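**Student:** Got a sequence here, can you model it:
(chains A and B)
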Amino acid sequence: MPFSTFFFFTLRVFLVGPLLWAWAWEYPSARAEGERLIITGSSTMAPLVSEIGKRFETLHPKVRVDVQTGGSSRGIADTVNGLADIGMASRALKSQEQHLNGSVIAHDGITIILHTSNPVQELTDDQIRSIYTGSSTNWSHVGGPDSGITVVNKAEGRSTLELFLDYFHLSNRDIHAHVVIGDNEQGIKTVAGNPNAIGYVSIGTAQYDAAHGIGIRLLALQHIPATLETVREGRFPLSRPLTLVTKSPPAGLVKTFIDFAQSPQVHDLILQQYFVPLQG
Amino acid sequence: MISFSSNTLSRSRGDFLLLGSVRLLALTAGGLLFLVVAFLFHESWPALQNIGLSRFFSDPDWYPTENSYQLTSMVWGSLLATTGAVLFASPFGILSALFCHFYAPPLLARWYRRMVELLAGIPSVVFGFWGLMVLVPIIGRWHPPGPSLISGILILTLMIMPTIMLVSHASLAHVPIALIHTSSALGFSRWSMIWHVILPTTRMGLFTGILLGLARALGETMAVLMVCGNVVQTPSHLFDPVRTLTANIALEMAYALGDHRAALFMSGLFLMGVVALVVSTAEALRHRNTYVSAK
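**Tutor:** Numbers count the residues shown, from 1 in each chain, chains lettered A, B, ... in the order given. Got it, this is the predicted structure:
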């Protein structure tokens, strides 16, 4: 008994002691040297920015990049309140937000999607507007077969919805939806499962899914095809810049990060997330 | 807690320990519920302050970003989907428990029970995905658009049927064997034994099963979100899309700020209220029935 007590005590001193010692020395210095970047905002951008953050961390080992989602509005609010160093907004800055600094890191386009079996090849902006406001309720009104239209809309608060409403000069109250969806994938699955449905989602996601055999078709808008190329060239009408937002002109670590996010070093990450990098 | 002072002169230390720990656990369980409700109240307080309780009923519709916050159509959505599912699932659940216990050959009964147990363990998102990919298109072909109250009811039925079946089965297993022997000796047919002897004795257990299923259906989020269409409206028929209180929270919480966020916590509080109302109504019904049958 006394031996075993002694044995375990010694063991503890030799094993735990050095650990505590090391921790007591390392911890304050690690805290002093390590810097943390807090980035919040758009859930569209969060996966991309956190990938960029991981790569940034490997280049700057003492920096920790902390990415949280919550929507573009929250990203901007957090930046204004100083809760975040950088905000993510998947849209251009609004007029009342011009005092903030926005740096575009990539583009995203929204595309109208139909079921592959739908013979309608193109819709004008007015036709889309009349479908979404419920004045056209049958595909025969817009040159399609005689069957009712299923309108798929996005839930409130999503920036995709905001951009869509903005482009078509609509308010959410005007829209007569049959289905309200949350994320892009749910929208694509809903349209793929319903030959009479019309919806709108991010081009990156839609193009990827359409290329991988999911039954949706991307619709051209104003005769401009919905592709990554037209979005990159800024020709596609329904597209949005993915913006990093700061309260004051970027400096120090924040500037280093934004420069990195705009550099060709992260193009592969942007393409992986089906967004469109700034330069081809 | 049977042994104590009645059969020993002094309570043992073990009894005190047991008493203490049981009290502590009971307090924790009760306290958790209290904490949940307090948290919901705390988070929805801004909504109560800035919007006011009455507007959640009197506003024309739900457009939180345009300052309109009506929740009643979502309360109806939750209630109708749940009621429909319970109406469908209860007979199926109870009948399959009866089949499994009284009619099926033992080998089949065992496999059948295992299958239902497996069904009870399937995550709700799988049901939702299946609903979105298979059930909704079928309903859409029959009566467009497809995502609707009826698809929600059918998915919820599938999800709560196993719960009801398994709880019913467990309570059927507790019927005293003497009752079964007596009814056999009296020459009852199998069905009249079930109808006149088994069902009255197991009524409580069957009821508990239905209540558990009902609570699960009310709280279900993911599957309902995927198949119900989520349009905020009071449905006028089964093929109208609806939004439930739970789906409302899941759809909008990620992007909600300020009063909108508080209003979503308010829909959580409404859901809590609906659950409390339904459970207490059910309990009241149960007590009344017990009293009547005891006469």
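**Student:** residues contacting the residue nearest to residue B:247 when sequence neighbours are not counted?
**Tutor:** Of all residues not flanking residue B:247 in the chain, residue B:225 sits nearest, at 4.2 Å (C-beta to C-beta, 6 or more residues apart in numbering or on different chains). For every residue, glycine as well, the C-beta is placed using N, CA and C. Going by C-beta atoms under 8 Å, 6 or more residues apart in numbering or on different chains, residue B:225 touches A:182, B:128, B:246, B:247, B:250, B:251.
**Student:** For the fourth one, give me its contacts.
**Tutor:** Applying C-beta under 8 Å, 6+ apart, one finds that residue B:247 lies in contact with B:77, B:221, B:224, B:225, B:228, B:230.
**Student:** Pipe these into JSON lines and attach secondary structure and pLDDT per row.
**Tutor:** Formatted as JSON lines, these follow (DSSP: H, G, I helix; E, B strand; the rest coil; pLDDT from 0 to 100):
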{"residue": "B:77", "secondary structure": "helix", "pLDDT": "93"}
{"residue": "B:221", "secondary structure": "coil", "pLDDT": "90"}
{"residue": "B:224", "secondary structure": "helix", "pLDDT": "93"}
{"residue": "B:225", "secondary structure": "helix", "pLDDT": "91"}
{"residue": "B:228", "secondary structure": "coil", "pLDDT": "91"}
{"residue": "B:230", "secondary structure": "coil", "pLDDT": "90"}
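**Student:** I'd like those residues as TSV, with distance to residue A:98 appended.
**Tutor:** Formatted as TSV, these follow (distance: C-beta to C-beta, whole Å):
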residue	distance to residue A:98
B:77	41
B:221	39
B:224	42
B:225	37
B:228	41
B:230	35
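**Student:** Tell me which residue in chain A sits closest to chain B.
**Tutor:** residue A:157 (3.2 Å; C-beta to the nearest C-beta).
**Student:** Surely that residue touches residue B:261?
**Tutor:** No: if you go by C-beta atoms under 8 Å, residue A:157 and residue B:261 don't touch, sitting 9.5 Å apart.
**Student:** any idea where the strands of chain A begin and end?
**Tutor:** A:35-41, A:63-69, A:86-89, A:101-115, A:150-154, A:179-181, A:197-202, A:216-218, A:239-246, A:276-277 (DSSP state E).
**Student:** for these, which one sits closest to residue B:37?
**Tutor:** Residue B:37 lies closest to strand A:63-69 among these, at 27.5 Å (C-beta to C-beta).
**Student:** ok, how many other residues are close to the residue nearest to residue A:88 when sequence neighbours are not counted?
**Tutor:** Leaving aside its sequence neighbours, residue A:88 sits nearest to residue A:41 (C-beta to C-beta, 6+ apart; 3.3 Å). Per other C-beta atoms under 10 Å in any protein chain shown, the neighbour tally for residue A:41 reads 31.
**Student:** With residue A:170 instead?
**Tutor:** Around residue A:170 there are 15 residues (other C-beta under 10 Å).
**Student:** Contact partners for it?
**Tutor:** Here residue A:170 is in contact with A:129, A:132, A:133, A:164 (C-beta under 8 Å, 6+ apart).
**Student:** Keep only those of those residues that are also close to chain B.
**Tutor:** Among those, no residue sits close to chain B (C-beta under 8 Å from any C-beta of the partner chain).
**Student:** what's the most distant pair in those?
**Tutor:** A:133 and A:164 (12.6 Å).
**Student:** and these two? which has more neighbours close in?
**Tutor:** Shown here are residue A:133 and residue A:164; by other C-beta under 10 Å, residue A:164 has more neighbours (21 against 15).
**Student:** any bit of stretch B:259-276 sitting next to chain A?
**Tutor:** Yes: residues of stretch B:259-276 contacting chain A under C-beta under 8 Å from any C-beta: residue B:260.
**Student:** now the residue nearest the centre of chain A, nearest residue through space, not along the chain?
**Tutor:** The residue lying closest to the centre of chain A (C-alpha atoms, centre = their mean) is residue A:44, at 1.2 Å. Nearest residue to residue A:44, sequence neighbours excluded (C-beta to C-beta, 6+ apart): residue A:90, at 4.2 Å.
**Student:** Would you agree the one you found is in contact with residue A:47?
**Tutor:** No: here residue A:90 lies out of contact with residue A:47, judged by C-beta under 8 Å, at a distance of 11.7 Å.
**Student:** Please enumerate the helices of chain A.
**Tutor:** Remark: helices assigned in chain A by DSSP state H are A:2-33, A:46-59, A:72-81, A:125-132, A:159-167, A:184-192, A:203-211, A:228-232, A:252-262, A:267-272.
**Student:** before we move on, back to that, which residues are in contact with the residue of chain A closest to chain B?
**Tutor:** A:71, A:73, B:64, B:65, B:252, B:254, B:255, B:256, B:257, B:260.
**Student:** where does the stretch 1-150 of chain B dip in pLDDT?
**Tutor:** By pLDDT under 70, the low-scoring segments of the stretch 1-150 of chain B are B:1-11.
**Student:** Any idea which residue of it lies closest to chain A?
**Tutor:** Of all residues in the stretch 1-150 of chain B, residue B:145 sits closest to chain A, at 3.9 Å by C-beta to the nearest C-beta.
**Student:** For chain A, what lies in contact range of chain B?
**Tutor:** A:43, A:69-71, A:73-74, A:77, A:147-148, A:150, A:155-158, A:171-173, A:177-182, A:186, A:189-190, A:193-194, A:196-197.
**Student:** Filter those down to the buried ones and hand me the ChimeraX line.
**Tutor:** Selection of buried members from the residues of chain A next to chain B for ChimeraX, criterion 16 or more other C-beta atoms under 10 Å in any protein chain shown:
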select /A:43,69,70,71,73,74,77,150,155,156,157,158,172,177,178,179,180,181,182,186,189,190,193,194,196,197
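**Student:** Tell me how many other residues crowd residue A:247.
**Tutor:** Neighbourhood size, residue A:247 [other C-beta under 10 Å]: 18.
**Student:** is it true that it touches residue A:82?
**Tutor:** Yes: judged on C-beta under 8 Å, residue A:247 makes contact with residue A:82 at a distance of 7.1 Å.
**Student:** ok, for the closest residue to chain A within chain B, nearest residue in space, not its chain neighbours?
**Tutor:** Closest to chain A within chain B is residue B:255: 3.2 Å, counting by C-beta to the nearest C-beta. Once flanking residues are discounted, residue B:255 sits nearest to residue A:157: 3.2 Å by C-beta to C-beta, 6+ apart.
**Student:** So what does residue B:54 look like in phi/psi?
**Tutor:** Phi and psi for residue B:54, reported as degrees, to the nearest 10, are phi -70, psi -30.
**Student:** quick one: it and residue B:72, what's the gap?
**Tutor:** According to C-beta to C-beta, to the nearest Å, residue B:54 and residue B:72 sit 11 Å apart.
**Student:** out of those two, which sits in the busier spot?
**Tutor:** The neighbour comparison of residue B:54 against residue B:72 (other C-beta under 10 Å) goes to residue B:72, with 14 against 8.
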